[in-house]
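**Student:** I need the structure of the sequence given here:
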Amino acid sequence: MKRIAVLGLYNSGSTAIAGVLHRLGISMGPPFWRSSDDNDPNNFYESVDLSWHLRRWWNEPELIEKTAPADRIRFLKHWIELQECAHPGPSGAKHPLLSLCGDDLIAGWGPDTQFIWAWRPLEQSIAGLQRRGWFPGAEESLQQHLWKSLHDFESRHAHVFKLDWTRAQSDPEGVTRQLASLLNLDRSEEQLQTASRFIRAVP
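**Tutor:** Reported below is the predicted structural model:
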């Protein structure tokens, strides 16, 4: 069973990538926080249940570890199995705090887990948080922590596909087709076009 984790800093394009995967038929763990309406800009394609646990495991915005790895792994294994029972077929998840859980995901989901890193330059991701007004005063330390964690994980794991957000914006159709190919998804032309249009719609 195919399992996909979308990683990335806050304001890195990960919502767009998760939305593309959702439109390509990957179950991303609905219901979503804060909305499951595809037309709602507050739909971040983040599982409500998983988001709650991640914020419990890693205190935001300090990102202090609050839960032992064994407990995180146990939950992640149970969570993905429930998703696959409810929605047969490829399953995935997206959340910035998953960037701290790469090794947990491998232990809980298996070594064939495919990781997609929604990559954007660190300075741009920090500036994006400042524009949004999220985590005032902690934007730089928060994003730097996630950035270091992702680089460390990438250096140790072969199945990390780094997707540049600038390229996604300039060539949404090409990126959508590349993702479908990477994940061995045989999708109709209509599905591919619908998914690529979602990238264009993300500010």
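**Student:** make it CA atoms for all contacts and neighbour counts henceforth
**Tutor:** Fine.
**Student:** Now for residue 88, how many residues are close by?
**Tutor:** 12 (other Cα atoms under 10 Å).
**Student:** in a helix, that's where it is, yeah?
**Tutor:** No. With DSSP: H, G, I helix; E, B strand; the rest coil as the criterion, residue 88 is assigned coil and is not in a helix.
**Student:** Would you enumerate the residues in contact with it?
**Tutor:** Contacts for residue 88 (Cα atoms under 8 Å, 6 or more residues apart in numbering) come out as none.
**Student:** again, only this time at 10 Å
**Tutor:** Taking Cα atoms under 10 Å, 6 or more residues apart in numbering, we find residue 88 in contact with 1, 26, 27, 82.
**Student:** how about it, phi and psi?
**Tutor:** phi -60, psi 140 (degrees, to the nearest 10).
**Student:** again, but for residue 43
**Tutor:** Residue 43 has phi and psi values of phi -90, psi 110 when expressed as degrees, to the nearest 10.
**Student:** Any idea which helix or strand in the protein has the lowest mean pLDDT?
**Tutor:** Every helix and strand of the chain was ranked by mean pLDDT, DSSP states H and E. The lowest is helix 189-201, at a mean of 91.
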